[in-house]
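Student: My questions are about this predicted structure, shown below with the sequence.
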Amino acid sequence: MPKVNPQVNFDFVIREVKFYATSTGRSPIEEFLDTLSAKQAQKVTWTLELLEEMDSVPAQYFQKMVNTDDLWEVRVKAGSNIFRLLGFLDGAKLVVLSHAFQKKTQKTPRQAIKLAEERKRDYFTRKKK
């Protein structure tokens with residue numbers, strides 16, 4: 001296992017975290033958040049605020065994923081539950097979150113990565129129009 005830098009240093013502060021929306025306006029991230037308890041949703045919100053406000057985000061909360069199409073993961077631990085929100089960067093000041101799930105195994109499910117990558121392609125395709 002390669003060593004991970006304990007912090008993700010940006011030359012910028014991420015000013016905005018955006019939730020991906022399908023062409024029909026569905027937001028998979030909002031739908032996921034609606035399934036969480038109030039305390040769990042509060043912890044996710046707190047973690048997303050770190051992304052927006054910190055120059056240097058600790059890797060325990062935000063990390064680039066290896067062997068993906070430039071995906072990043074937001075890492076949230078709420079009690080004994082672990083959640084992952086997968087997304088990508090759009091320029092220097094925007095993180096677009098496209099998929100979320102409760103982590104139950106050590107390895108991120110390949111299907112979750114594929115879905116996040118498909119939504120990334122869809123996002124940029126529709127953005128060009």
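Tutor: Here it is on my side, so go on. Residues are numbered from 1 along each chain as shown.
Student: Run through the residues that contact the closest residue to residue 20 other than its chain neighbours.
Tutor: Nearest non-adjacent residue to residue 20, counting by Cβ to Cβ, 6 or more residues apart in numbering: residue 98, 3.9 Å away. Heads up, the C-betas are built off the backbone N, CA and C, glycines and all. The contact partners of residue 98, by Cβ atoms under 8 Å, 6 or more residues apart in numbering, come to 20, 28-29, 86-88, 115-116, 119-120, 123.
Student: Same check on residue 85?
Tutor: 29, 32, 44, 48, 73-74, 76, 97, 99-100.
Student: Format those as CSV; extra columns: distance to residue 55 and neighbour count.
Tutor: CSV is the format used below for the contacts of residue 85 (distance: Cβ to Cβ, whole Å; neighbours: other Cβ atoms under 10 Å):
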residue, distance to residue 55, neighbour count
29, 24, 23
32, 28, 19
44, 21, 19
48, 16, 22
73, 19, 23
74, 17, 23
76, 20, 24
97, 20, 25
99, 26, 24
100, 25, 25
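Student: Tell me which two in those are the farthest apart.
Tutor: Using Cβ to Cβ, the two most remote members of the contacts of residue 85 are 48 and 99, lying 14.7 Å apart.
Student: sorry, back to before: with secondary structure and pLDDT as new columns, can the contacts of residue 85 be given to me in a markdown table?
Tutor: Formatted as a markdown table, the contacts of residue 85 follow (DSSP: H, G, I helix; E, B strand; the rest coil; pLDDT from 0 to 100):
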| residue | secondary structure | pLDDT |
| --- | --- | --- |
| 29 | helix | 97 |
| 32 | helix | 97 |
| 44 | helix | 97 |
| 48 | helix | 95 |
| 73 | strand | 96 |
| 74 | strand | 96 |
| 76 | strand | 97 |
| 97 | strand | 97 |
| 99 | strand | 97 |
| 100 | strand | 97 |
